[in-house]
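Chemist: Provide a 3D model corresponding to the input given below.
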Amino acid sequence: MSKNFDISIVGGCGHVGLPLGIAFAEAGKKVVLCDVNRDNVEKVNRKEMPFLEKRAPEALANVVDSGMLRATTDKSVISRSDCVLLVVGTPLDEHQNPRISEIIKVVEEIADFLDEKHLVVLRSTIYPGVTRKIQPYLANRLGRAAVAFCPERIAEGSALEEITRLPQIISACDPQAFERAKILFSVLGTEIIELSPEEAELAKLFTNAWRYISFAISNQFYMIAENFGQDFYKIYGAMVKNYPRLQGFAKAGFAAGPCLLKDTLQLSAFSKNIFFLGHAAMLINEGLPSFIVGQLKTKTSITDKVVGILGMTFKADHDDPRDSLSYKLKKILELEAKSVLCSDFYIQEPGFLEASALVKQSNIVILATPHKAYQSLDLTGKVVVDVWNLFQKNPNNS
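Modeler: All right, here's what the predicted structure looks like:
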């Protein structure tokens, strides 16, 4: 059968797959995105980005117009490609343990469209050992199988910039598969780093757990300062100003989203639940919404107050609400306050207010997500909780 595409990306219309597909198409590869989300498939083919991503709208239009990229819900296109990339990660079950069966299920679903000539690349975060588990399964089905794990390490919103700038970690189950994966990702023009599949799987989990723990350190320091009646950001500003060894010290704030907590939990499960530093980070980061409400209650009564939450996405200046701690904060406040109002600059849900209307109607305003657009709000006369220090009340902050 003749091959119509260089690359097919399963789950290709999401936050990982779409920027990667655009980047490969810009590099001269003919790409087809296969996704079950029909709305996103239709948007991509209409040259509309389903989510915010720097530089992506123009880039998507260019590669669709040139015929280098298209999207479909038809999995049979996999059989007409040389390489298939899976951007399906490992979700968690109701006990917060990895559901390895999910990615195995996807591999089983596409196996009928694969042959022994395909290069199969796992791209999203997976549980350690999964790459080596998939390779023999496909080899038994196909006679032989070239399987690689090349983890993504991008930040949402900056994916297109980072895909062609950050080093690509390449691993595979055999030398031939590695060489094919190396050639594939070399077209992106970045440095190639070789690891074994097990090393690459751990590298990805270590990266996200490290970031999650780093945020927890800042949040723990914030809690200590608050409990002692001191201004964390005055201390923070003094610590980091012109002091190179603390330039990576994060600000306090909600550490959330679909990856950091999940991957810390995966690493915990892999280490037989003796990942004590990760466990502590979970308690701190997941406990920050409760801490904020508790601190607020020590300063004022909230049972008769309207509390407004500014920002419901999980990160600033982006439109992704997945696993945002703003919603956890909302649930806590609904038990404590007279009423709770919500607003977000980038997403709209039933009941959400425009930011200035929320401020006007609220007695207390909590900045949950530090969208830059909120800096111009007039908060005069309001009790304001600004964990992120977006409004920068201390002039010596960096």
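Chemist: when you work out contacts or count neighbours from here on, use the C-alpha atoms and nothing else.
Modeler: Noted.
Chemist: helix or strand with the lowest mean pLDDT in the protein?
Modeler: In the chain, no helix or strand scores lower on mean pLDDT, DSSP states H and E than helix 100-110, which sits at a mean of 88.
Chemist: how about the nearest residue to Gln168, chain neighbours excluded?
Modeler: Ile192 (5.0 Å; Cα to Cα, 6 or more residues apart in numbering).
Chemist: list the contacts of that neighbour.
Modeler: By Cα atoms under 8 Å, 6 or more residues apart in numbering, the contact set of Ile192 is Pro167, Gln168, Ile169, Ile170, Lys182, Phe185, Ser186.
Chemist: quick check: domain ranges of this protein?
Modeler: 5-198, 206-386 (automatic domain parsing).
Chemist: can you name the residues bridging to Val340?
Modeler: For Val340, the beta-bridge partners are Val307 (DSSP bridges).
Chemist: the helices in the stretch 251-398 of the chain, which residues?
Modeler: For the stretch 251-398 of the chain, applying DSSP state H, counting those that start in this stretch gives helices covering 260-270, 276-299, 325-336, 355-361.
Chemist: try the stretch 51-200 of the chain
Modeler: Using DSSP H, counting those that start in this stretch, the helices of the stretch 51-200 of the chain run over residues 56-65, 100-110, 130-142, 159-163, 175-186, 197-227.
Chemist: show me what the mean pLDDT comes to for the fourth one.
Modeler: What that stands for is helix 159-163. Taken as a whole, helix 159-163 has a mean pLDDT of 95.
Chemist: so what does it touch, helix or strand wise?
Modeler: Counting contacts by 3 or more Cα pairs under 8 Å, 6 or more residues apart in numbering; DSSP states H and E, helix 159-163 packs against helix 17-26.
Chemist: for the helix it packs on, packing partners?
Modeler: Helix 17-26 packs on strand 5-10, strand 31-34, helix 56-65, strand 69-72, helix 159-163, going by 3+ Cα pairs under 8 Å, 6+ apart.
Chemist: what would those look like in a markdown table with mean neighbour count and distance to Asp344?
Modeler: Compiled in a markdown table, the helices and strands packed on helix 17-26 are given as follows (neighbours: other Cα atoms under 10 Å; distance: least, Cα to Cα, whole Å):
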| stretch | mean neighbour count | distance to Asp344 |
| --- | --- | --- |
| strand 5-10 | 25 | 31 |
| strand 31-34 | 28 | 30 |
| helix 56-65 | 19 | 22 |
| strand 69-72 | 25 | 30 |
| helix 159-163 | 21 | 22 |
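Chemist: related to what we said a few turns ago, hmm, which of the contacts of Ile192 are the buried ones?
Modeler: Buried subset of the contacts of Ile192 (neighbour count, 16 or more other Cα atoms under 10 Å): Pro167, Gln168, Ile169, Ile170, Lys182, Phe185.
Chemist: please convert those residues to a markdown table, extending it with distance to Val359 and pLDDT.
Modeler: Listed next are those as a markdown table, based on distance: Cα to Cα, whole Å; pLDDT from 0 to 100:
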| residue | distance to Val359 | pLDDT |
| --- | --- | --- |
| Pro167 | 44 | 96 |
| Gln168 | 45 | 97 |
| Ile169 | 46 | 98 |
| Ile170 | 49 | 98 |
| Lys182 | 53 | 97 |
| Phe185 | 48 | 97 |
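Chemist: output the below-cut-off pLDDT ranges for the stretch 251-398 of the chain.
Modeler: Flagging of the stretch 251-398 of the chain using pLDDT under 70 yields the residue ranges 393-398.
Chemist: so where's the stretch 1-150 of the chain uncertain?
Modeler: Using pLDDT under 70, the stretch 1-150 of the chain drops low at 1-2.
Chemist: residue contacts, Ser290?
Modeler: If you count contacts by Cα under 8 Å, 6+ apart, then Ser290 has Leu329, Ile332 around it.
Chemist: against Met68, how distant is it?
Modeler: Separation of Ser290 from Met68 (Cα to Cα, to the nearest Å): 49 Å.
Chemist: turn the contacts of Ile192 into CSV, columns for distance to Gly248.
Modeler: Below are the contacts of Ile192 laid out as CSV (distance: Cα to Cα, whole Å):
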residue, distance to Gly248
Pro167, 20
Gln168, 22
Ile169, 23
Ile170, 27
Lys182, 31
Phe185, 29
Ser186, 30
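Chemist: Pro128 reaches Ser268, doesn't it?
Modeler: No - between Pro128 and Ser268 there is no contact under Cα atoms under 8 Å: 11.6 Å.
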